[in-house]
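Asks: structural data only, the sequence is not supplied:
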């Protein structure tokens, strides 16, 4: 009987170890099992033909390349341990390894991703470079106004370090004030300067302190400035500035900023009282300051500059004309033209420039 069983099993298995279908002479319907010595669910070794279900320690799935190690089988995840954990014939083939990023442009941030137990040449652990062929593009790179996403945040030209500061221009006169914004393109309603004295009135467009054109003046009170410039004048320059009265908001003071390094004689004129302050910012040579007016005038002049004041209220005299003060417009009487003629006669100089208005708080000579 024993001899018959052995012959029967041998007849159920081919030379390659694959069980043929069908029953043998004993009525056995054989299946193939494998020994699973490490209990990981995958067998190894020669196939075993059995007429019944797999016994303990046997499985119907083979492919275990190390049946002594339960951590090694086709179902295992490859690890970086010099072992073919998943029995695919490759050792440490990247599954379960570290993540690496190629740094083709050498900017310290990687682009294309790969996995593996060892870093490829030049690879990094930090990725996110949206253009790994340009070292000027990577996360953390300052944004510029050039239509390129330098910092790889999917936004273009936002918060660019070379963006222009734009100032709100509420009265649309081309001069702005705070609040300001920084942007590459000019936003509607904003301009590139903050030179407006009053952004609610388009007639008041000049800066109160700096940035005005040569010989300019900040005028208020509803009258347009009276201005004249003789470009043929030689030094010393005769420069005249006239008002009817100081701006009410100035506290009776008018400032004159000298920002042109020339030799000059200044003449200041006002009908009402003014406290004049002269700032020689450019190191100009001021030969003399002449002041005329109807009411008393005071002058805060640079050290060493002689000042001569003639007013109806204090001296009863003038500079070459019977009244010697002027409104900044022509209407007859003590008008601007007669004031200019009188001062030119007194000094023997030809006027280089004149600026004046009804009310003012500052002048600039550039």
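Replies: Yes, it's here. Fair warning: this is a prediction, and the values are worked out from it, not measured in the lab.
Asks: residue ranges in this structure under the pLDDT threshold?
Replies: Applying pLDDT under 70 to the chain picks out residues 1-29, 94-97, 201-233, 320-335.
Asks: please, where are all the helices along the stretch 101-250 of the chain?
Replies: With DSSP state H, counting those that start in this stretch, there are no helices along the stretch 101-250 of the chain.
Asks: can you give me the strands in it?
Replies: Chain-ordered strands for the stretch 101-250 of the chain, with DSSP state E, counting those that start in this stretch as the definition, fall at 113-116, 164-168, 177-183, 190-191, 217-220, 226-229, 237-246.
Asks: mind checking which of those strands is nearest residue 361?
Replies: Smallest distance to residue 361 across the strands of the stretch 101-250 of the chain (Cβ to Cβ): 5.5 Å, for strand 217-220. C-beta coordinates here come from the backbone N, C-alpha and C atoms, glycine included.
Asks: care to break the protein down by domain?
Replies: The chain breaks down by automatic domain parsing into domains covering 1-89, 97-159, 163-205, 217-365.
Asks: want to throw those domains into CSV with mean neighbour count?
Replies: Converted to CSV, the domains of the chain look like this (neighbours: other Cβ atoms under 10 Å):
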stretch, mean neighbour count
domain 1-89, 15
domain 97-159, 16
domain 163-205, 16
domain 217-365, 18
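Asks: surely residue 308 touches residue 287?
Replies: No. The criterion here is Cβ atoms under 8 Å, and residue 308 misses it with residue 287 at 11.4 Å.
Asks: quick check: bridge partners of residue 258?
Replies: residue 280, residue 365 (DSSP bridges).
Asks: ok, now which ones touch it?
Replies: Going by Cβ atoms under 8 Å, 6 or more residues apart in numbering, residue 258 touches 264, 278, 279, 280, 281, 282, 284, 286, 365.
Asks: let's see 10 Å
Replies: 239, 264, 266, 278-284, 286, 302, 363-366 (Cβ atoms under 10 Å, 6 or more residues apart in numbering).
Asks: what does residue 112 give?
Replies: Per Cβ under 10 Å, 6+ apart, neighbours of residue 112: 100, 101, 102, 103, 104, 123, 127, 129, 132.
Asks: I'd say the last one and residue 123 touch.
Replies: No. Applying Cβ atoms under 10 Å as the test, residue 132 and residue 123 come out as separate, 11.5 Å apart.
Asks: overlap in contacts, the two.
Replies: By Cβ under 10 Å, 6+ apart, the residues touching both residue 132 and residue 123 are 101, 102, 103, 110, 112.
Asks: with distance to residue 164 added, can I get those in TSV?
Replies: Output for the shared contacts of residue 132 and residue 123, formatted as TSV (distance: Cβ to Cβ, whole Å):
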residue	distance to residue 164
101	36
102	37
103	34
110	34
112	37
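Asks: now for the residues you listed, which pair is the farthest apart?
Replies: Spatially, the most separated pair among these is 103 and 112, at 9.4 Å (Cβ to Cβ).
Asks: what is in contact with these two at once?
Replies: By the contact definition Cβ under 10 Å, 6+ apart, residue 103 and residue 112 are jointly contacted by 123, 127, 129, 132.
Asks: the third one against residue 150, yeah?
Replies: No. Using Cβ under 10 Å, residue 129 and residue 150 do not qualify as a contacting pair, with a distance of 11.2 Å.
Asks: anything in contact with each of these two?
Replies: 137, 138, 139, 141.
Asks: which two among the residues you listed are spaced furthest apart?
Replies: Farthest pair in the shared contacts of residue 129 and residue 150 (Cβ to Cβ) is 137 and 139. Separation: 9.3 Å.
Asks: what do these two both touch?
Replies: Taking Cβ under 10 Å, 6+ apart as the contact rule, residue 137 and residue 139 both touch 107, 109, 129, 130, 150, 151, 152.
Asks: of all the contacts of residue 258, which two lie farthest apart?
Replies: Spanning the widest gap among the contacts of residue 258 are 283 and 363, at 18.1 Å by Cβ to Cβ.
Asks: show me the contacts for residue 68.
Replies: By Cβ under 10 Å, 6+ apart, the contact set of residue 68 is 37, 38, 44.
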